[in-house]
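Asks: Below is the sequence, then the predicted model.
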Amino acid sequence: MNFGPQTKTFRIDYCNSLYVGLSASNFKKLQRVQNTLARVVLQLRRRDHITHVLVQLHWLPVRHRVTFKIATITFNLLKFHRPSYLYQFVQPYTPSRNLRSLNQNLLVVNRAHSAFAERSFRHTSAAVWNSLSAKCRNCLGITVETFRKHLKAHLFETAFMTTA
């Protein structure tokens, strides 16, 4: 069985929504794996700068890949109510008065009383969704593929804003 470079990136993405709350040192280790893979794909030396390589390959850094996954799951929950076992954890924000935030498609971020609770899907999905640009949050009338394109463009700009 041949495991090409694309297969290895899928291994990095496997269950990556569980990486929420991972320590910075562990994210660095995962990022090193992705950087090494990028160097192998483009046959670069170990000391070559990696940021422009990730931009060239249009690969999001590992931390942003996690955000991408959680935001996509949250989009599916809001648009299709799927998967149904997670739908109970997202709650649209409705202010008690007529505020500007009324039409921003925000979610209620449940209060977390511990670091463990901050890693829960209930807390993370709302926090990630609310951190997206208004353009991404207001795309509930479009297809999943179009949302993913908008989301990746937003995250790509966020990740490489200073270097692109």
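Replies: Noted; the coordinates are in hand.

Asks: For this protein, name the helix or strand with the lowest mean pLDDT.
Replies: helix 5-13 (a mean of 62; mean pLDDT, DSSP states H and E).

Asks: Excluding its own residues, what touches the next helix or strand after that helix? List them.
Replies: From helix 5-13 onward toward the C-terminus, using DSSP states H and E, the following helix or strand is helix 24-41. Residues outside helix 24-41 that contact it (C-beta atoms under 8 Å, 6 or more residues apart in numbering): 5, 8-9, 12, 19, 22, 44-46, 48, 50, 53-54, 57, 59, 61-63. To be clear about C-beta, it is placed using only N, CA and C from the backbone, and glycine gets the same treatment.

Asks: Give me the secondary structure label for the residue sitting nearest the centre point of the chain.
Replies: What sits nearest the mean C-alpha location of the chain, by C-alpha atoms, centre = their mean, is T67, with 1.6 Å. Three-state call for T67 (DSSP: H, G, I helix; E, B strand; the rest coil): helix.

Asks: what about the residue lying closest to T72 once chain neighbours are set aside, how many neighbours?
Replies: Excluding the flanking residues, the one nearest T72 by C-beta to C-beta, 6 or more residues apart in numbering is R148, at 6.2 Å. R148 has 16 neighbours, counted by other C-beta atoms under 10 Å.

Asks: Please apply the same query to the one 3 residues further on.
Replies: Neighbour count for L151, taken as other C-beta under 10 Å: 22.

Asks: Before we go further, it is sitting in a helix, right?
Replies: Yes: L151: assigned to a helix according to three-state DSSP.

Asks: tell me the contacts of it?
Replies: Neighbour list for L151: 68, 71-72, 75, 132, 136 [criterion: C-beta under 8 Å, 6+ apart].

Asks: So which of those are in helices?
Replies: Using DSSP state H, the members of the contacts of L151 that fall within helices are 68, 71-72, 75, 136.

Asks: would you turn these into TSV with pLDDT?
Replies: Conversion of the ones in helices among the contacts of L151 to TSV gives the following (pLDDT from 0 to 100):
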residue	pLDDT
F68	95
A71	95
T72	94
F75	95
C136	90
